[in-house]
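Participant: sharing a model that was predicted from the sequence below.
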Amino acid sequence: MTRLSDPPSAILDRFGLTLAGSVPVNLGAPVERVLQQLGPVLGHPGGRTVLVGYGASHDTAPQDVALFGTLPGWSVHVPGHPDEVGRLLREAAAGDGSAYIRLPEQGNAEPHGASGAFEVIRLGADGVVLAVGPTLDTAVRATAGLDLTVLYASTIRPFDAVGLRTAVLAADRADVVLVEPHLAGTSARCVAEALVNVPHRLRALGTPWDAAAPAPALDEAGIAAAVRAFLR
């Protein structure tokens, strides 16, 4: 596993970048403090800002991606490897809009996602698994032996509707499993819009909206059990 939880200053130094107007957001802090950090940014929606969220886990600030996913003009990135972080930071620095880059606590063994499009990791006929950021390696292991297409996403806003729709139409069954390292179902609306003309089923895995509600763990065993139950 690759750690991505260095403070933003260390990450910027590593890639030789200085992002004017960038704001570090400590996702390991209580949610009230996170919202205080975001207040000045959200209060000026017309400005251009690059936010780097760090210190996140499955249990801290899981609503951050859902929040920024609703803001017009923002791109949202959830890299799964340090090599992806450099590309995303450079693109954010060169772009015209605002961007939120969430750095998870752990990462995948290898970099993927050389562009904003979803990357095909494996092809299958019985459905499609869309793994976001650091969930990829776990999702691949959890679905070993199943005839499923696996897609990888490090950019979820804008959402690659064409990539998902192409993969679903190429499969024999329009069953989609969405695995996100933040709130479960954060990208469910995007999946529904991408497949609006395609009858399909969706199982969204992630951190539950209600912490007290039972939910599959985002480890290999939890994902494997949820996927197999969904595909029965």
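Facilitator: Alright, I've got the coordinates.

Participant: what bridges to residue 177?
Facilitator: residue 129, residue 203 (DSSP bridges).

Participant: mind checking pLDDT for it?
Facilitator: Predicted confidence (pLDDT) at residue 177: the value is 98.

Participant: how close does it sit to residue 99?
Facilitator: The spacing between residue 177 and residue 99, counted by CB to CB, to the nearest Å, is 27 Å. All C-beta spots, glycine's among them, are computed from the backbone N, C-alpha and C.

Participant: and if you look at residue 170?
Facilitator: In this view, residue 170 and residue 99 are 31 Å apart by CB to CB.

Participant: who's more crowded, these two?
Facilitator: Each of residue 170 and residue 99 has its neighbours counted (other CB atoms under 10 Å); residue 99 has more, 25 against 13.

Participant: quick one: mean pLDDT over the helix or strand containing that one.
Facilitator: Following DSSP states H and E, one finds residue 99 within strand 98-104. Averaging pLDDT along strand 98-104 yields 84.

Participant: within the sheet, what are the partner strands of it, with directions?
Facilitator: Pairing partners of strand 98-104, with direction, according to DSSP bridges: strand 50-56 (parallel), strand 74-77 (parallel).

Participant: that one: how far from the chain's middle?
Facilitator: Relative to its chain's centre, strand 98-104 lies at 10 Å (CA atoms, centre = their mean, to the nearest Å).

Participant: just stretch 179-195 next, same as before
Facilitator: 9 Å.

Participant: buried residues of stretch 73-85, list them for me.
Facilitator: By neighbour count on 16 or more other CB atoms under 10 Å, the buried set for stretch 73-85 is 74, 75, 76, 77, 78, 79, 80, 81, 82, 83, 84, 85.

Participant: who does the residue lying closest to the second one once chain neighbours are set aside form a beta bridge with?
Facilitator: Distance criterion CB to CB, 6 or more residues apart in numbering; nearest residue to residue 75, sequence neighbours excluded, is residue 99 at 4.7 Å. Taking DSSP bridges as the rule, residue 99 bridges to residue 50, residue 75.

Participant: in this structure, which spans are strands?
Facilitator: 2-3, 22-26, 50-56, 74-77, 98-104, 106-107, 119-122, 128-132, 149-153, 155-157, 175-183, 201-207 (DSSP state E).

Participant: mind putting those in CSV, distance to residue 113 included?
Facilitator: As requested, these are arranged in CSV below (distance: least, CB to CB, whole Å):
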stretch, distance to residue 113
strand 2-3, 14
strand 22-26, 21
strand 50-56, 18
strand 74-77, 9
strand 98-104, 13
strand 106-107, 12
strand 119-122, 5
strand 128-132, 10
strand 149-153, 6
strand 155-157, 7
strand 175-183, 14
strand 201-207, 19
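
Participant: spit out the contact partners of the closest residue to residue 131 other than its chain neighbours.
Facilitator: The spatial neighbour of residue 131 that comes closest, neighbours along the chain excluded (CB to CB, 6+ apart), is residue 139 at 4.0 Å. Contact partners of residue 139, counting by CB atoms under 8 Å, 6 or more residues apart in numbering, are 129, 131, 150, 179, 223.

Participant: mean pLDDT per helix and strand in this protein: which one sits at the bottom?
Facilitator: Least confident helix or strand, the chain: strand 2-3 with a mean of 38, by mean pLDDT, DSSP states H and E.

Participant: just the pLDDT at the closest residue to residue 172 other than its chain neighbours, thanks.
Facilitator: Among residues not flanking residue 172 along the chain, residue 125 sits closest, at 4.4 Å (CB to CB, 6+ apart). What the model reports as pLDDT for residue 125 is 98.
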